[in-house]
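Engineer: sharing a model prediction with you, sequence too.
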Amino acid sequence: MLSGVVIERLCIAGVGLIGGSLALALRAAGAVGEVVGTGRRSEPLERALALGVLDRYELEPARAAEGADVVLLGVPLGAMRPVLAALRPGLGEGTVITDVGSAKGCVVADAEAVFGALPARFVPAHPIAGTEKSGVEAAFPTLFRGRRVILTPDRHTDGEALATVRGLWSAAGAEVVEMGVTAHDRMLAGTSHLPHLLAFGLVDMLARSPDHDEIFQYAAGGFRDFTRIASSDPVMWRDVCLGNREALLAALAAYREDLERLTAMVAAADGDALEAVFRNAKRTRDRHLHIFEK
Ligand SMILES: NC(=O)c1ccc[n+]([C@@H]2O[C@H](COP(=O)([O-])OP(=O)(O)OC[C@H]3O[C@@H](n4cnc5c(N)ncnc54)[C@H](O)[C@@H]3O)[C@@H](O)[C@H]2O)c1
Ligand SMILES: O=C(O)C(=O)CC1(C(=O)O)C=CC(O)C=C1
């Protein structure tokens, strides 16, 4: 284990791909004692028990949170607020709260709505790792190894709580960085939220064409790579697009402007201009490719 942090009891609300993978990673590192899950239905929680992700579960969120050192919210962004409110009666004075939501401003707003202000022991977090699959069956312990996790503490965040959440992700093999909520939401709108929206949009557009069955017969590697993420969970991505609406709208506006520019280049058969754009994109992507190979 890298960090030396040991969490005696971890409560996970929403035991899916991310929450389940974190539990498996912490177990593998010997960084956690007991893992207690909670969720809406017993079937997936039973499967999580069978997979060795959980030690036990409680359908009542507050009961699951009782006695936990750390409570982790692993639910879609749209469920954060009601789940946090349901956990609240079970939280102790010293309980550290954290989440894994893909946008941070909306999670901070949810915590403010439930508690009146972001509690000092609530450390918002976002692992920049995942897959297009969801549910606890898709969880695996190495998901976060060598990946970044962004924490967005503010000036009121408790130092000990921050150290615990840092230690938890380090134990899972991740590299932990900190930044402000606004910077996080702006950057992730560009690198994650916009690409997902475009991939879903492109596949939907083709699916609605009269000859869509034939079109998909001729899809190859390029289409597969561009659209893998359109197989992601629709509810999760609906919530991300609504949760990071402002930053996503800004990214979409910039993208639309560029699409107009590209359209004009094709219309004018301006090969030099197109080639210049493609060269810049290739150079940039190639320079940053190493981050995908970690
Ligand atoms: N999938 C990714 O690639 C990825 C990466 C980083 C962060 N995230 C974030 O992590 C969170 C979870 O994503 P995931 O991919 O693990 O999803 P998932 O669908 O695999 O897991 C979500 C879990 O939450 C439960 N859940 C849903 N609504 C609930 C509710 N109202 N009350 C209680 N439980 C509820 C589901 O039953 C499931 O167990 C999301 O907030 C997402 O934005 C996802
Ligand atoms: O690799 C994928 O399938 C992902 O969607 C992971 C991915 C992303 O890279 O956009 C998705 C959502 C996140 O919050 C973080 C990571």
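Structural biologist: Great, that's in hand. Ligands and ions are numbered 1, 2, ... in the order given.
Engineer: which bits of the stretch 101-250 of the chain sit near ligand 1?
Structural biologist: Residues of the stretch 101-250 of the chain found near ligand 1 (CB under 6 Å from any ligand atom) are 101, 102, 127, 130, 131, 134, 135, 233, 236, 240. Every C-beta, even on glycine, is put in place using the N, C-alpha and C of the backbone.
Engineer: at 5 Å instead, please
Structural biologist: Within the stretch 101-250 of the chain, the positions adjacent to ligand 1 are 101, 102, 130, 134, 135 by CB under 5 Å from any ligand atom.
Engineer: who wins for most neighbours among these?
Structural biologist: Among those, residue 101 has the most neighbours (other CB atoms under 10 Å), with 28 neighbours.
Engineer: verify the stated contact: that residue with residue 111.
Structural biologist: No. Between residue 101 and residue 111 no contact is recorded; they are 10.7 Å apart, counting by CB atoms under 8 Å.
Engineer: identify the contacts common to these two.
Structural biologist: Here residue 101 and residue 111 have residue 124 as joint contacts, going by CB atoms under 8 Å, 6 or more residues apart in numbering.
Engineer: among the helices and strands of this structure, which has the poorest mean pLDDT?
Structural biologist: helix 212-217 (a mean of 91; mean pLDDT, DSSP states H and E).
Engineer: what is that helix packed up against?
Structural biologist: helix 194-207 (3 or more CB pairs under 8 Å, 6 or more residues apart in numbering; DSSP states H and E).
Engineer: could you redo the last one with a cut-off of 7 Å?
Structural biologist: Packed against helix 212-217 by the contact rule (3 or more CB pairs under 7 Å, 6 or more residues apart in numbering; DSSP states H and E) you find no helix or strand.
Engineer: how is the protein divided into domains?
Structural biologist: Domains of the chain are assigned by automatic domain parsing as 7-179, 184-292.
Engineer: returning to what we had before: contacts for the least confident helix or strand of the chain?
Structural biologist: Residues from elsewhere that reach helix 212-217, judged by CB atoms under 7 Å, 6 or more residues apart in numbering: 206, 209.
Engineer: give me the mean pLDDT for the next helix or strand after it.
Structural biologist: Moving toward the C-terminus from helix 212-217, the next helix or strand (DSSP states H and E) is helix 221-227. With pLDDT averaged residue by residue, helix 221-227 scores 96.
Engineer: show me what counts as buried in helix 221-227.
Structural biologist: Neighbour counts over helix 221-227 (16 or more other CB atoms under 10 Å) mark residue 227 as buried.
Engineer: if we look at it, which residues are touching it?
Structural biologist: Residues outside helix 221-227 that contact it (CB under 7 Å, 6+ apart) are 199, 202, 203.
Engineer: pretty sure the last one is touching residue 229, no?
Structural biologist: Think residue 203. No. At 9.8 Å, residue 203 does not count as touching residue 229 under the criterion of CB atoms under 7 Å.
Engineer: for residue 105, give its distance to residue 174.
Structural biologist: 22 Å (CB to CB, to the nearest Å).
Engineer: between these two, who's got more neighbours?
Structural biologist: Set residue 105 next to residue 174 and count neighbours by other CB under 10 Å: residue 174 wins out with 25 against 21.
Engineer: so how far is residue 53 from that one?
Structural biologist: Relative to residue 53, residue 174 is positioned 18 Å away (CB to CB).
Engineer: and for residue 21?
Structural biologist: In terms of CB to CB, residue 21 sits 9 Å off from residue 53.
Engineer: identify the contacts common to the two.
Structural biologist: In contact with both residue 21 and residue 53: residue 139, using CB under 7 Å, 6+ apart.
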